[in-house]
Structures are given as structure tokens and as C-alpha cells.
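Participant: How does the following fold in three dimensions:
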Amino acid sequence: MDDGDWFEIEDPEEYGEEPWDFDEAELAFVAALRTRAARWQVPWAHSWVGRPEDGASLLVHITLVDEARRLVLSEWAVHFHGGHVRAGKVSDQLYHLHESPEQGFFRASGTVEELADRCAGWFESVLRRPAGPGSE
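Facilitator: Below is the predicted model:
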């Protein structure tokens, strides 16, 4: 179901900030995620790519929203660090993660392709879950 593009790269210049300087591995990771997401059979969700406040990683983020009630149901993110990722449910506005397996948190290491596969599968599983307050 393709109601929009997955993982749009946020443009910080819209907010008067310097543009992102993504390296080759980061761009390859985003491209691989987009390729996999194009095959998902899940409802589209708000998603974007940027950097967290500390700039220490590439941040890939999905927000599940109840548009009718203007309510954020949940937020999920991957922090890509080149050869490894940290992923899970977002715990605050700085995109820190709940670091417990019960909240979907995981760490993985590997090649860009391996990490993109793992993260794409994880995002897809998150998007397949029932959405709504109390469903997590």
C-alpha cells in the first residue's frame, strides 16, 4: 500500500540549520530500507530520516498516528552507526530508545545490507501490530 514515500530525508535547512552530511554507508542504508519498504503490504505511516540532536547517528523514524483524534500512538526508531544499529520504541523527544526487549529494543551488527534487512523486517513487524492506546 503506497500512500506516500517511506523514509523521506528531513531537510534541516527548512529550520535554518546546516544540511545533513550523510556518508556513503548511511545513504546506502536508507536506499536499502526504501527498496524493502516499497514491497511492504502495510498501511503507510509517517517516516523520515535525519540525525538525533547529538548528531551521533543516522536516525530513521516511524510515527504511528491516529489522524482522526490527532494522537501519536507510538514512535519507533533506528540509530544507524555504520556497522551496527540500535532500534526500539522512542522514549522521549530526543529519540532516545527504551532499551528493553519488551519494548522492541535490539542491537545488531553487520554489513549495510544485513542491517537494512534486519531493520526493514523489524519496522514491518511494528507496522503490522494492532495500533492504538494500550496495544503495545
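Participant: In three-state terms, how would the closest residue to residue 46 other than its chain neighbours be classified?
Facilitator: Nearest residue to residue 46, sequence neighbours excluded (C-beta to C-beta, 6 or more residues apart in numbering): residue 63, at 4.4 Å. C-beta here means a position set from N, CA and C on the backbone, and glycine is covered the same way. Assigned by DSSP: H, G, I helix; E, B strand; the rest coil, the conformation of residue 63 is strand.
Participant: Can you get me a residue count around residue 63?
Facilitator: 15 (other C-beta atoms under 10 Å).
Participant: same question, residue 72
Facilitator: Other residues near residue 72 come to 12 when the count uses other C-beta under 10 Å.
Participant: before we move on, what about residue 17?
Facilitator: 11.
Participant: Name the SS class of it, please.
Facilitator: Secondary structure, three-state DSSP: residue 17 is coil.
Participant: What are the neighbouring residues in contact with it?
Facilitator: By C-beta atoms under 8 Å, 6 or more residues apart in numbering, residue 17 lies in contact with nothing.
Participant: 10 Å instead?
Facilitator: Neighbour list for residue 17: 10, 11, 51 [criterion: C-beta atoms under 10 Å, 6 or more residues apart in numbering].
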